[in-house]
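[1] Pasting a predicted model and its sequence here:
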Amino acid sequence: MIVDGTLGGGGHSEALLEAGFRVVGVDRDPLALAAATARLARFGDSFRAVQGEFGDVASLVPGPVDGLVLDLGVSSPQLDTPARGFSFMHDGPLDMRMSGDGETAAELIARLPENELADVIYQYGEERFSRPIARALKARLPRTTFEAVEAVKQGMPRKAWPKDTHVATRTFQALRIAVNAELEQLERALASLPSWLGPKGVAAIISFHSLEDRLVKQTFKKWCGEQDDAPKGLPFARTTAPTFEALTKKPLVATDDETAQNPRARSAKLRAVRKLPGVVS
Ligand SMILES: C[S@@+](CC[C@H](N)C(=O)[O-])C[C@H]1O[C@@H](n2cnc3c(N)ncnc32)[C@H](O)[C@@H]1O
């Protein structure tokens, strides 16, 4: 049985079901869960949907399981629905909650002191104008996505606006990661995997930005017994006995054809590992 921890529209689950696997789909977004459940109804008992966070996957779905698939980040329906407030391209309430519960992005901006908001924008958005942007956001206290975009523009000198991406890309990424505790979710899922996966269990994770990818890469390297910070040019020093083997030596990226069909795939990186036979936990 395979767990799809980011069920979304159900595309990955559908492919796994068509390949003959039983699948449990997990998503924190009740709208995604309802749509995917309808799409996958024809698979009957082979598919089950569970609402929850993949950080809790080991308690949501009792192990051992044969595999976990994670396709991180937001889905196209979330991004393209103005009322969800994820996109700087559409005007809507500054919400960004995948589950619909908890603090919205507007409330987060209002609650955090300016220096903490700047830290969030710097760490999760890798935005070098984090401090003036945080100042502009605190001065404006945006309630809508377009008000937030205006504040970002005010916080950044015109000549520093990026040429190939939207001026608010990094700030919106940071707010979304903070609102949904995305890195904590990934850390918790990774921490539970070694004992939850069964023998030869596979973990396959698609990430969309460097913060996620770094975490996945370093964790997988550790499990595979490789020291991530080995000096360049030297063979990897073995730190601990490997408990997993890498299935992707380098991350898999989308082909030109895939990117042409789905431009959002251009920054996707897939890494996968398999638990070694005979490893107990
Ligand atoms: C990129 S989409 C997945 C698309 C899916 N692979 C498909 O084929 O349609 C990501 C989905 O994961 C969900 N998600 C993101 N973080 C989550 C978390 N921590 N726990 C559960 N679901 C999460 C989002 O709500 C969204 O529906």
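    Everything's here; your move. Numbers count the residues shown, from 1 in each chain.

[2] can you tell if the helix or strand harbouring residue 259 touches the ligand?
    Using DSSP states H and E, the element containing residue 259 is helix 256-261. No - Helix 256-261 lies out of reach of the ligand by C-beta under 6 Å from any ligand atom, never closer than 13.3 Å. In short, each C-beta sits where N, CA and C put it, glycine included.

[3] Same check on stretch 19-35?
    Yes - for stretch 19-35 and the ligand, the contact criterion (C-beta under 6 Å from any ligand atom) is met by 26-29, 32.

[4] follow-up on the earlier one: can you tell me the strand partners of the helix or strand following the helix holding residue 259 and which way each runs?
    Sequence order places strand 269-275 as the next helix or strand after helix 256-261, per DSSP H and E. Using DSSP bridges, strand 269-275 pairs in its sheet with strand 197-207 (antiparallel), strand 244-246 (antiparallel), strand 252-253 (antiparallel).

[5] After the longest one, which helix or strand is next?
    Same thing as strand 197-207. helix 210-223.

[6] for that following helix, packing partners?
    For helix 210-223, the elements it packs on are helix 182-196, strand 197-207, strand 244-246, strand 269-275, judged by 3 or more C-beta pairs under 8 Å, 6 or more residues apart in numbering; DSSP states H and E.

[7] For the residues of stretch 19-35 next to the ligand, which single residue is the most surrounded?
    residue 27 (28 neighbours; other C-beta atoms under 10 Å).

[8] What separation is there between the residue lying closest to that one once chain neighbours are set aside and residue 1?
    Counting by C-beta to C-beta, 6 or more residues apart in numbering, residue 7 is the residue found nearest to residue 27 once chain neighbours are left out, at 4.1 Å. Here the criterion is C-beta to C-beta, to the nearest Å. By it, residue 7 lies 14 Å from residue 1.

[9] Those two - which one has more neighbours?
    Higher neighbour count among residue 7 and residue 1: residue 7, with 32 against 16, using other C-beta under 10 Å.

[10] give the contact list for that one.
    Contacts here follow C-beta atoms under 8 Å, 6 or more residues apart in numbering; on that basis residue 7 touches 13, 25-27, 32-33, 36, 49.

[11] can those go into JSON lines with extra columns for pLDDT and secondary structure?
    Compiled in JSON lines, the contacts of residue 7 are given as follows (pLDDT from 0 to 100; DSSP: H, G, I helix; E, B strand; the rest coil):
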{"residue": "13", "pLDDT": "98", "secondary structure": "helix"}
{"residue": "25", "pLDDT": "98", "secondary structure": "strand"}
{"residue": "26", "pLDDT": "98", "secondary structure": "strand"}
{"residue": "27", "pLDDT": "98", "secondary structure": "strand"}
{"residue": "32", "pLDDT": "96", "secondary structure": "helix"}
{"residue": "33", "pLDDT": "96", "secondary structure": "helix"}
{"residue": "36", "pLDDT": "97", "secondary structure": "helix"}
{"residue": "49", "pLDDT": "97", "secondary structure": "strand"}
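
[12] Identify, out of the strands paired with strand 269-275, the most deeply packed stretch.
    Most buried of the strands paired with strand 269-275, by mean neighbour count (mean count of other C-beta atoms under 10 Å): strand 197-207, with a mean of 20.
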